[in-house]
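Undergrad: Sequence below, structure please.
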Amino acid sequence: MLERQEPFAVSESPSSSPRITDRLRRTFALLLAAFSVSTLATAGQGGTALAEPAPRAPVTASGPGGRTASVSPGVDLTNEVVNVSWSGFRPTTQANVYTLIILQCRANPTSLDDCYTAQPFPDLANGNRLLDVTASDGTGSAQFEVRPASNLPQLACSASNPCSILVYENDAQPIPPGTLPAAHVVIPISFAPSQADCPNITDFDVRVDGSATSAGLFYSWAARICQGSDPVVVDYTETSSTTGRENFLAGLVDIGVTAMPATEDELSHHPDHREFSYAPVAASAMVVAYNMTDPFTGQRIENLVLSPRLVARLVTNTSIETFVRDRELLNLNPTVRFPTNGVNRILVRAERAASASILTAWFAADPEAQKFLANNDTWRVNLNAPYLGYTYPRDAFELVDTDPFYLPRQGQKSIALRLFYGVSPTASQSEPTSVRGVIGIVDLPTAKRFGLQVAGLSKPDGSVVLPTEDAIARGVADADVSPSGVLIADPTPEDPLAYPMVKVDYAMVPKTFESPAKIADVKRVLNYAVDEGQGLLPSGYVSLPEAMRAATRDVVAAIGVPASTTTTTTTEVPPAPTTSRPRYRPSATVAAVEATTTTTSTTTSTTIARSTTTELAPITVPEPRFEAAMGATSGSSALMLGLGGLSGAAILGTAPWRRWLRRREKGES
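TA: Got it, this is the predicted structure:
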């Protein structure tokens with residue numbers, strides 16, 4: 001292009017020189033403007049998160065009498081909720097004849113003996129039988145929980161052992177032994193690789209304990225690479241970030257997984273703990289999930305909006321009987337028709353966990369919630385008296401009052417099951433969600449797996465933010481940095497589009513292990529987690545940005561055997577991604593600290609194949625990116641560069657320069 005501008009550089013008479021200069025000036029201004037516009041166009045593209053996983057295929061089948069049924073998704077299943085739909089069935093009568101029953105069965109069942117017929121949760125922990133109705137046009141649909149071998153060993157469904165879903169009419173007629181009901185459809189389903197597909201386990205090579213958010217990822221990653229001549233056996237125990245830190249510092253596991261850094265108190269209780277580094281492994285978010293049905297239409301409520309104050313009201317168990325008449329709730333949800341008897345007490349975890357810290361830090365940072373917690377509520381709702389003076393944030397939902405219906409439950413899955421089946425914290429049977437709704441706190445991947453609705457969060461400016469992948473990516477980019485380099489959700493992010501309750505899980509990785517074999521095993525697991533594993537994320541997670549993945553690789557590469565002598569004990573962290581506001585808010589001390597126990601709630605063992613190399617080949621799928629170094633600096637730089645360029649172009653192409661050239665031309669003439 002510069003060569004094409006050479007005619008403007010040939011020798012000219014003195015009188016024509018200013019005009020040539022003006023041409024050059026205008027040409028350069030146009031080029032600068034074009035460059036600036038293109039820069040501005042890309043300024044906001046650096047924070048793109050991993051796209052939502054591609055939809056998994058549905059499976060459709062037919063049966064006698066023109067009946068059909070389908071399951072969506074029907075492949076690569078885990079313990080999750082699927083949608084079952086059917087057509088061509090006889091409508092259910094007012095006397096409940098021709099109700100529809102859905103069962104999970106072995107592949108190609110020949111009788112109900114091949115199916116699991118136990119009553120649904122909470123009648124029996126593993127029950128998932130579903131009873132539904134068919135509409136007058138012969139169609140219907142329902143959500144159904146499917147379970148792999150680890151959750152339903154009676155059927156042992158896995159990638160190598162496919163199963164099916166049986167949909168049939170209950171016509172009140174006896175079913176002959178050894179046969180299926182006359183009016184039925186059998187839909188084949190397949191499962192994702194799981195620990196059931198791995199070789200038999202005889203011992204554990206790598207023990208991991210901690211965050212429930214990362215548990216499903218570790219199970220999946222391990223199951224996909226468990227085959228080989230020299231497998232590595234991995235035991236991941238799903239507990240909580242707090243228990244993961246405790247068990248790691250106590251030397252009970254090889255790796256702890258946590259979303260919060262170890263506190264000074266935790267470190268002081270284990271003065272001989274191993275030197276370790278924090279290595280990021282997963283990014284997601286905490287959400288307020290719910291299950292409610294419009295009592296007039298029978299349709300699920302899908303557009304609930306909650307404020308920090310309203311969530312604080314639920315957590316403090318304040319006048320729950322009148323919650324759906326809260327004036328702020330009605331203002332935020334003018335079109336929502338709530339269940340006739342309101343909502344149950346909120347479903348929260350009993351154990352100390354990062355989820356409690358993230359949620360309570362969010363509502364404790366809100367001015368209106370602060371007024372409510374100080375019993376000076378704008379909407380004139382009196383705080384539940386036992387919570388007066390109770391401070392937030394904190395890492396546990398404690399029993400503060402004597403309400404027999406408010407009961408935190410152990411484990412995140414117990415919260416999800418009660419949400420899905422419509423069971424209150426203390427009930428032993430479900431209740432229609434059109435009569436009384438359920439609300440609970442879980443992470444986003446769990447809400448996605450169990451088909452739960454997620455509340456939008458209102459902000460002081462009146463806007464509403466949902467945990468979309470872009471909003472989570474922005475929230476991670478805007479997170480606070482703790483002194484140990486761990487990213488912690490900023491409850492009041494500067495980015496107006498950022499989700500405020502993001503959650504980044506870190507592996508606590510010892511800097512040394514006693515044997516080269518152990519080092520190879522740990523490296524294999526963590527390298528896979530941040531390489532191929534980031535391309536296999538289920539819905540609800542976002543891919544770690546390259547800067548964080550590189551930090552984990554650096555931690556892994558530095559693992560070695562102990563030196564012959566040591567003189568100091570330190571904790572080293574990888575360089576933390578820069579953020580626009582590196583602040584940290586320590587959690588409030590829990591008044592009556594629950595004793596931490598090393599007793600685990602759920603243990604699942606998997607195997608991972610050992611490789612002779614410690615660095616895996618890069619994944620071959622395209623990788624969307626977050627902002628470089630998680631600080632949104634590249635986007636901001638592009639924005640400033642673009643604006644600066646446009647300003648320069650404007651100055652070059654406007655009146656001051658033209659007036660100066662005219663004065664110069666007159667002087668030379």
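
Undergrad: Is the residue lying closest to Gly63 once chain neighbours are set aside within a helix or a strand, and which one?
TA: Excluding the flanking residues, the one nearest Gly63 by CB to CB, 6 or more residues apart in numbering is Val185, at 3.6 Å. Just so you know, the C-beta spots here come from the backbone N, C-alpha and C atoms, and that holds for glycine as well. Assessed by DSSP states H and E, Val185 sits inside strand 184-189.

Undergrad: CA-only coordinates of that strand in CSV, if you can.
TA: This file holds the C-alpha atoms of strand 184-189, laid out as CSV (Å, rounded to 0.1, in the frame of the first residue of the first chain):
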residue,chain,number,x,y,z
HIS,A,184,-45.3,-50.0,26.0
VAL,A,185,-42.2,-48.5,24.4
VAL,A,186,-38.6,-49.4,25.2
ILE,A,187,-36.1,-46.6,24.5
PRO,A,188,-32.4,-47.6,24.4
ILE,A,189,-30.0,-45.3,26.2
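
Undergrad: Would you indicate which residues of that strand are buried?
TA: By neighbour count on 16 or more other CB atoms under 10 Å, the buried set for strand 184-189 is His184, Val185, Val186, Ile187, Ile189.

Undergrad: Sheet partners, orientation included, of it?
TA: When pairs are called by DSSP bridges, strand 184-189 turns out to pair with strand 163-170 (antiparallel).

Undergrad: Over the partner strand, what's the mean pLDDT, rounded is fine.
TA: The predicted model assigns strand 163-170 a mean pLDDT of 97.

Undergrad: Measure how far that strand is from the centre of its chain, please.
TA: 32 Å (CA atoms, centre = their mean, to the nearest Å).

Undergrad: just stretch 303-311 next, same as before
TA: For stretch 303-311 - counting by CA atoms, centre = their mean - the centre lies 19 Å from the chain centre.

Undergrad: Stretch 117-126 too?
TA: With CA atoms, centre = their mean as the basis, stretch 117-126 stands 27 Å off its chain's centre.

Undergrad: Touching that stretch from outside, list them.
TA: Here stretch 117-126 makes contact (CB atoms under 8 Å, 6 or more residues apart in numbering) with 103, 116, 127-130, 145, 147, 151-152, 154, 417-418, 421, 423, 427-430.

Undergrad: which of the residues you listed count as buried?
TA: Buried, going by 16+ other CB under 10 Å: 103, 116, 127-130, 145, 147, 151-152, 417-418, 421, 423, 427, 430, out of the contacts of stretch 117-126.

Undergrad: among the residues you listed, which are in helices?
TA: Judged by DSSP state H, the buried ones among the contacts of stretch 117-126 include Leu417, Arg418, Tyr421 as members of helices.

Undergrad: out of these, who's nearest Leu544?
TA: For those, the closest approach to Leu544 (CB to CB) belongs to Leu417, at 29.1 Å.

Undergrad: Please tell me I have it right and the closest one contacts Ser430.
TA: No - counting by CB atoms under 8 Å, Leu417 stays clear of Ser430, with 10.2 Å between them.

Undergrad: Need the mean per-residue confidence for the strand holding Val185.
TA: 98.

Undergrad: Tell me the strands beside the helix or strand following it, with direction?
TA: For strand 184-189, the succeeding helix or strand toward the C-terminus, using DSSP H and E, is strand 206-210. Using DSSP bridges, the strands paired with strand 206-210 are strand 231-238 (parallel), strand 255-258 (parallel).

Undergrad: Mind checking those for the one nearest to Lys413?
TA: strand 231-238 (8.2 Å).

Undergrad: How far away from the center of its chain is that closest one?
TA: 22 Å.

Undergrad: what's Tyr387 in contact with, if anything?
TA: Counted by CB under 8 Å, 6+ apart, Tyr387 has contacts Thr316, Asn317, Thr318, Leu373, Val400, Asp401.

Undergrad: again, only this time at 6 Å
TA: With CB atoms under 6 Å, 6 or more residues apart in numbering as the criterion, the residues that contact Tyr387 are Thr316, Val400.

Undergrad: all helices of the stretch 301-450 of the chain, in order?
TA: 308-315, 327-332, 354-364, 367-373, 412-421, 444-449 (DSSP state H, counting those that start in this stretch).

Undergrad: State which strand of this structure is the longest.
TA: If you go by DSSP state E, the chain has its longest strand at strand 276-291.

Undergrad: Now do that one: which elements does it pack against?
TA: If you count contacts as 3 or more CB pairs under 6 Å, 6 or more residues apart in numbering; DSSP states H and E, strand 276-291 packs onto helix 212-224, helix 354-364, strand 438-443, helix 444-449, strand 453-454, strand 502-510, helix 546-557.

Undergrad: on contacts alone, who are the packing partners of the last one?
TA: Using 3+ CB pairs under 6 Å, 6+ apart as the contact criterion, the neighbours of helix 546-557 among helices and strands are strand 276-291, helix 516-530.

Undergrad: same deal with the fifth one?
TA: Under the contact definition 3+ CB pairs under 6 Å, 6+ apart, strand 453-454 sits against strand 276-291.
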